[in-house]
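> Structure here, sequence nowhere to be found:
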């Protein structure tokens, strides 16, 4: 599919849950490693059961590939997808900087303590077992294979290589005669096997796609990627999160992409772009307006993997048709809700 | 083959040429990159034609994989092997820290200048073309496949994983009734996809192998790997290279392995071990005695790839039978010879 065909259900807003920075697959040779993933599944289950969203976005760093020794990152990717798939909820994934990072060997594995028992499965042939990471393309291919057709993830054209998770989904109105309700753009902000950058080629791709699908800027556009742009630094609250920003934790500095190739300039000049959603910073969950044109939002750290021990949750987006409105809030693992903000002024 | 069957030719010593740090495959998208490899072929050809060795050892960093964008490191590995193979000379290779390093993307490739024309060959299927490095195992498998049975390289047992180039070759006497002339041990000193370390498992492997093949320490043993051990730092000449050390350039500090797991202790307690040969430091080519037990030698930087612009050459080893003696010198690209030293005192 080049353009998805999601559709708003009659009489109810279209709700998206964002799962950010799950970091599955950490330290599988320990007890606490796998325990993290069990806890992360619980967070997702609690959010999915409390919110019953129409769609889920996995906002990158689904797995910590630099911790996965042999070629089975798809095994952990699948575990992260399972709560959503098991509930028959469609989803889309995009890549963060950890998803295809090369394995980083603990030095003591090469000492007398040796490699913990993650020995290659006997059945695997010589090649399969030799250390080798799982590429971005393989992760999406495996995801789609075992998705019961619920995955809307796509592999972008080779011209955008090495970035892979670049695609757009259309949310159609419940009323077939009405124009689409929203366009969801997913981009690969790099990292792991290549620099943490949205490339010039991706910017050109977005310009072409958006001009084709939304030439008169009538359809509201929401943008998803993993690593914040430098623009986030400009809007970041100093200490306390005060209006117009809305959020609950401002515990660290924005960690932005290594270089920029004009993506934010393109977005700020498109009146149809309402908000950008990123992950990466586990200690930030705020939304701040950018040049009175669009919102720059962080998701909420969802996984028990990855750094930081702030309570886990998920940023929820709700797109209503009549009157048109995009609202967002954060649903916590414990069921509480906070940081509600209206992303469309009209 | 677990043990090679090299044999000394009647009436002439057994001569080995060591090619170290060739660094093929650098910046192939420029003019000077490929030009380097042409120059490196010239160095090897000059040495091979001047010395006509019986055997060649490729001492690691054959390719600069961190500069090779798509999965064709074997293409450059093969170019490095070609001068030797074309002359029908058998060889063995071992890995350095660059041979399976992950590709490091130049940031500006993601800017508007874009990726230089190394586009994926049209024929390659989706998977083949997606960025992916070439693993250590694939490099040796491909080498052996296109070696006209002249490659003595071997893939070590999976128990030594992630290290791969660990094996031993026997040099038999020209006189079938006589014991072997030498044992050549090749080890993988890591780096690239895993830390720069000779693991405990490799040390145990060496102990088992050497006790099996040479229980009474009667056969002289020569050891080859890429990254120097910390012991090299202890024997390194301060400034000028003075006796008992022998060499011609002492231009940088020894860059040693990240950690040690007892390899040097095992070697120094085996009277049959005569010398260790390493590369890695392009600005060092000396041999120094270590605790009056064995010699610690650097090879000579052979390639035009890699850092440093010191004149290129190759360390030559000559093993004579009657009387038994191991001599070494350095043959330069320009034909000159220097730094001759006798590695066996008797």
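Arrived safely, thanks for sending. The model shown is predicted, which means the values in this text are computed figures rather than measured ones.
> Need the residue closest to the centroid of chain A.
residue A:59 (0.6 Å; CA atoms, centre = their mean).
> So it is in contact with residue A:278, correct?
Yes. The criterion here is CB atoms under 8 Å, and residue A:59 meets it with residue A:278 at 7.2 Å. All C-beta spots, glycine's among them, are computed from the backbone N, C-alpha and C.
> Identify the contacts common to those two.
Shared contacts of residue A:59 and residue A:278 (CB atoms under 8 Å, 6 or more residues apart in numbering or on different chains): A:224, A:225, A:226, A:299.
> Secondary structure class of residue A:5, three-state.
strand (DSSP: H, G, I helix; E, B strand; the rest coil).
> I figured it was touching residue A:170, is that so?
Yes. Assessed by CB under 8 Å, residue A:5 is found in contact with residue A:170 at 6.5 Å.
> So between these two, which is more surrounded?
Each of residue A:5 and residue A:170 has its neighbours counted (other CB atoms under 10 Å in any protein chain shown); residue A:170 has more, 19 against 11.
> Surely the more buried one is in contact with residue A:210?
No. The pair residue A:170 / residue A:210 is not scored as a contact, 11.9 Å apart, by CB under 8 Å.
> So residue A:304, which state does it fall into?
Strictly by three-state DSSP, residue A:304 counts as coil.
> give the contact list for residue A:142.
Neighbours of residue A:142 in contact, by CB under 8 Å, 6+ apart: A:74, A:77, A:78, A:134.
> Among those residues, which lie within helices?
The helices, defined by DSSP state H, take in A:74, A:77, A:78 from the contacts of residue A:142.
> possible to save these as a markdown table with distance to residue A:319, pLDDT and neighbour count?
Output for the ones in helices among the contacts of residue A:142, formatted as a markdown table (distance: CB to CB, whole Å; pLDDT from 0 to 100; neighbours: other CB atoms under 10 Å in any protein chain shown):
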| residue | distance to residue A:319 | pLDDT | neighbour count |
| --- | --- | --- | --- |
| A:74 | 31 | 93 | 19 |
| A:77 | 27 | 97 | 27 |
| A:78 | 28 | 96 | 20 |
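> about what we covered before: among the shared contacts of residue A:59 and residue A:278, which one sits closest to residue B:182?
Nearest to residue B:182 among the shared contacts of residue A:59 and residue A:278: residue A:226, at 55.4 Å, using CB to CB.
> secondary structure element for that closest one?
For residue A:226, there is no enclosing helix or strand under DSSP states H and E.
> Touching, it and residue A:58? I think so.
No. If you go by CB under 8 Å, residue A:226 and residue A:58 don't touch, sitting 9.9 Å apart.
> Need the residues touching each of the two.
Joint contacts of residue A:226 and residue A:58 (CB under 8 Å, 6+ apart) are residue A:94.
> Among these two, which residue is more densely surrounded?
More crowded of residue A:226 and residue A:58, by other CB under 10 Å: residue A:58, with 33 against 30.
> ok, and the closest non-adjacent residue to the more buried one?
Using CB to CB, 6 or more residues apart in numbering or on different chains and skipping residues adjacent in sequence, the residue nearest residue A:58 is residue A:93, 4.0 Å away.
> Then residue A:311?
residue A:332 (5.8 Å).
> Number of residues surrounding the one you found?
18.
> before we move on, what about residue A:50?
Residue A:50: 17 neighbours (other CB under 10 Å).
> Just the closest residue of the stretch 151-300 of chain A to chain B, please.
Residue nearest to chain B within the stretch 151-300 of chain A (CB to the nearest CB): residue A:199, separated by 3.7 Å.
> Touching, that residue and residue A:164? I think so.
No. Counting by CB under 8 Å, residue A:199 stays clear of residue A:164, with 11.7 Å between them.
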